[in-house]
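Chemist: what would the 3D arrangement of this be:
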Amino acid sequence: MSKTHNATNNDDIVDNLVTQIQANELRKCKVKLNYLDALTPKKRRKPNPPKNYEFFEVTIPSMTLDDFRHHFRMTRSCCEDIMTRVGNRIRVFNIQKKFLFTVWMLTTRESFGAVGTRFGLSKGPSHQYFRDIMDGLIVLFKEYVAWPSVVELSHIEQGFKPKSGGYVPGIVGAIDSCHLLIKKPSRYSIYCNPKQTHSIILQGVCDHQKIFTDIYVGAPGCLTPERVYNNSPLSKLIKELIPEDYHIVGNIFIPQKQNLIVPFPDQDTLNQPQKVFNECLAAANMTILQAFQLLLARFRRLTFLDTANPEMANKMICSCVILHNHILMHDLDENPEEFLNEWPELYMNEDPSGVIASDDDADGLAKRDYLVSLLEFI
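Modeler: This next block holds a predicted model:
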């Protein structure tokens, strides 16, 4: 009887051990499965968003003229013309899709992934397409951003006369500079501007039609307007580019030169002809402010360049200036206010301390006094 009882106890012990072992194994399996489930999302590649293969092939060709101009900031014929010019300079397969993709990127602030999905392009190659088209545009830089000839200067002077009230002769351009915001570069604190954000400075000269005739891009955001101008190639070549009877107009933060006329400082101590002269210069100088505003309104990417690479930012700025000039040369009679609903606020480059430029020369001061004397005679 006792043996039978002992055998029964041994069987129960064995059964209990087997049950525990099975429970432990099951628990280990559950732990292992949970561990694998926790790792799976990290190792598994996220599925690519579905691409819209009909947008380029169907939607864009069916756009009306107004819709195309609204999205691409230029007419269809204007776009085809510059696209052909780029295609003749660089060898890019399927340039039409890549060119329209690049223009869409520059005219909006959408991400590469979103625009790539719209055009049926993968995110990785789309970056290279963007660079290729911009390189092709920059090859055309000297064709679109060039200083006018002497004959063209005379035509530009006539265009500036009504802008300055007709009282200041010889104006062939307006100059100023503005900040274009970028991401914080990793090792470049010099790009920190007075507003404690990071930016690249674009200095531009434009004619009476808001076409840029000279730009200097790449100066870090910490520089004052005077230093930007003195570092630019224009400051070394201005006497060669502009005859003595002509000049461009700027603001008080840029030095007064023989071919660069700026307003009189200290408005409270000026006589009446000097005040009128300042008003005429300010009216003429509004042209470059309008050119900057039109540039940023067309190409919204410039309101914030989503890159920490200054070289890449410079390429985007130059590409937008080339497209801006091409549009004005091709569609000068177009009214941009019809399709540019938002006009961004400009961050102009001014000395935060209010210190005016001090690198004036005697010839420039004498010429400014002479122009005021003509105004007094009138």
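Chemist: switch to C-alpha atoms for all contacts and neighbour counts from now on
Modeler: Noted.
Chemist: which of the residues in the helix or strand where Asp176 lies are buried?
Modeler: Applying DSSP states H and E as the criterion places Asp176 in strand 171-181. For strand 171-181, burial by neighbour count (16 or more other Cα atoms under 10 Å) applies to Ile171, Val172, Gly173, Ala174, Ile175, Asp176, Ser177, Cys178, His179, Leu180, Leu181.
Chemist: average model confidence for stretch 73-86?
Modeler: Average pLDDT, stretch 73-86: 93.
Chemist: pull the distance from that stretch to the chain's centre.
Modeler: Put simply, stretch 73-86 sits 19 Å off its chain's centre (Cα atoms, centre = their mean, to the nearest Å).
Chemist: what is the helix or strand hosting Ala366 packed up against?
Modeler: Take DSSP H and E as the rule and Ala366 turns out to sit in helix 362-377. Judged by 3 or more Cα pairs under 8 Å, 6 or more residues apart in numbering; DSSP states H and E, helix 362-377 is in contact with strand 260-261, helix 272-298.
Chemist: dump those into a markdown table; add distance to Lys161, mean pLDDT and mean neighbour count as well.
Modeler: Formatted as a markdown table, these follow (distance: least, Cα to Cα, whole Å; pLDDT from 0 to 100; neighbours: other Cα atoms under 10 Å):
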| stretch | distance to Lys161 | mean pLDDT | mean neighbour count |
| --- | --- | --- | --- |
| strand 260-261 | 15 | 94 | 26 |
| helix 272-298 | 8 | 93 | 21 |
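Chemist: for Pro185, what are its contacts?
Modeler: By Cα atoms under 8 Å, 6 or more residues apart in numbering, the contact set of Pro185 is Tyr191, Ala308, Asn309, Pro310.
Chemist: please redo it, this time with the cut-off set to 10 Å
Modeler: Tyr191, Cys192, His198, Ser199, Thr307, Ala308, Asn309, Pro310 (Cα atoms under 10 Å, 6 or more residues apart in numbering).
Chemist: was I right about the last one contacting Arg187?
Modeler: Read it as Pro310. No. Here Pro310 does not reach Arg187: they are 11.2 Å apart, not a contact under Cα atoms under 10 Å.
Chemist: higher neighbour count, the two?
Modeler: Between Pro310 and Arg187, Pro310 has the larger neighbour count (other Cα atoms under 10 Å), namely 21 against 8.
Chemist: circling back: keep only those of the contacts of Pro185 that are in helices.
Modeler: Pro310 (DSSP state H).
Chemist: which of the contacts of Pro185 has the most neighbours?
Modeler: Going by other Cα under 10 Å, Ser199 tops those with 31 neighbours.
Chemist: how about the nearest residue to that residue, chain neighbours excluded?
Modeler: Among residues not flanking Ser199 along the chain, Leu181 sits closest, at 4.1 Å (Cα to Cα, 6 or more residues apart in numbering).
Chemist: residues contacting the one you found?
Modeler: With contact taken as Cα under 10 Å, 6+ apart, Leu181 is in contact with 191-193, 197-201, 221, 302-307, 313, 347.
Chemist: mind doing that once more with 6 Å?
Modeler: His198, Ser199, Phe304 (Cα atoms under 6 Å, 6 or more residues apart in numbering).
Chemist: if we can go back for a sec, centre of the chain to the helix holding Ala366, how far?
Modeler: On Cα atoms, centre = their mean, the centre of helix 362-377 falls 38 Å from that of its chain.
Chemist: can I get the CA coordinates of that helix in CSV?
Modeler: Written as CSV, here are the backbone C-alpha positions of helix 362-377 (Å, rounded to 0.1, in the frame of the first residue of the first chain):
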residue,chain,number,x,y,z
ALA,A,362,35.6,113.0,-52.1
ASP,A,363,34.6,112.5,-55.7
GLY,A,364,31.3,110.9,-54.6
LEU,A,365,30.5,113.6,-52.1
ALA,A,366,31.2,116.3,-54.8
LYS,A,367,29.0,114.5,-57.3
ARG,A,368,26.1,114.3,-54.9
ASP,A,369,26.4,118.1,-54.2
TYR,A,370,26.4,118.7,-57.9
LEU,A,371,23.2,116.6,-58.3
VAL,A,372,21.6,118.6,-55.5
SER,A,373,22.5,121.9,-57.3
LEU,A,374,20.8,120.7,-60.4
LEU,A,375,17.7,120.0,-58.3
GLU,A,376,17.9,123.5,-56.8
PHE,A,377,18.1,125.0,-60.3
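Chemist: buried residues of it, list them for me.
Modeler: Result for helix 362-377 [16+ other Cα under 10 Å]: buried residues Gly364, Leu365, Lys367, Arg368, Leu371, Val372, Leu375.
Chemist: which SS class is the residue lying closest to the fifth one once chain neighbours are set aside?
Modeler: Counting by Cα to Cα, 6+ apart, Leu371 lies nearest to Val168, which is 6.8 Å off, once chain neighbours are set aside. Using DSSP: H, G, I helix; E, B strand; the rest coil as the criterion, the local structure at Val168 reads coil.
Chemist: ok, Val168 to Ile261 distance?
Modeler: Distance from Val168 to Ile261, counting by Cα to Cα, to the nearest Å: 11 Å.
Chemist: can you tell me the closest non-neighbouring residue to Arg73?
Modeler: Arg73's closest residue in space is Arg298 (Cα to Cα, 6+ apart), at 6.0 Å.
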